[in-house]
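# generate a structure from the sequence data that follows.
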Amino acid sequence: MTATEAAAERLIRIGELARGAGVSVRAVRYYEQQGLLVAERSPSGQRLYRQDTIALVRFFQQMFAAGLTSRRIAELLPCWDSGRTDAEQRAMLRAERDRIQAKADELQAALDRLDEVIALTDTHA
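Residues are numbered from 1 along each chain as shown. Model prediction:
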């Protein structure tokens, strides 16, 4: 087992996962309730996660910020886990990408407009 594999296998508690991913413990519990995460349990009942779950939770945060629902994120998980997609999954991924790109374009246009207003008002200060 390599050092990277050993780190991935090391189990961490919910608080460490939350801190590492930059989310609250409550958010981690929510992800479990939505079926996005599955925790192992210690003999005393504490939730335990693989170290590499931190990256997965960060992925959830990015997808939520982009407007995806927990249901849609759950549909993406097989792609994340296997690194493979079928035609239907690829179509869904492309549709989400197009939606996010359109949103990014709208935000860029708003940013450009604000820059124009700032430049205009700077010359009249």
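
# next secondary structure after the helix or strand bottoming out on mean pLDDT in the chain?
When each helix and strand of the chain is scored by mean pLDDT, DSSP states H and E, helix 3-9 comes last, with a mean of 52. For helix 3-9, the succeeding helix or strand toward the C-terminus, using DSSP states H and E, is strand 11-13.

# contact partners of the very next helix or strand once past that next one?
Using DSSP H and E, the helix or strand that follows strand 11-13 towards the C-terminus is helix 14-21. In this structure, residues lying in contact with helix 14-21 by CB atoms under 8 Å, 6 or more residues apart in numbering are 12, 24-25, 27-29, 39, 46-47, 49, 53-54, 57-58, 61. Where C-beta positions appear, they are placed from N, C-alpha and C, glycine not excepted.

# next, give me the two most distant ones among the residues you listed.
Q46 and Q61 (23.1 Å; CB to CB).
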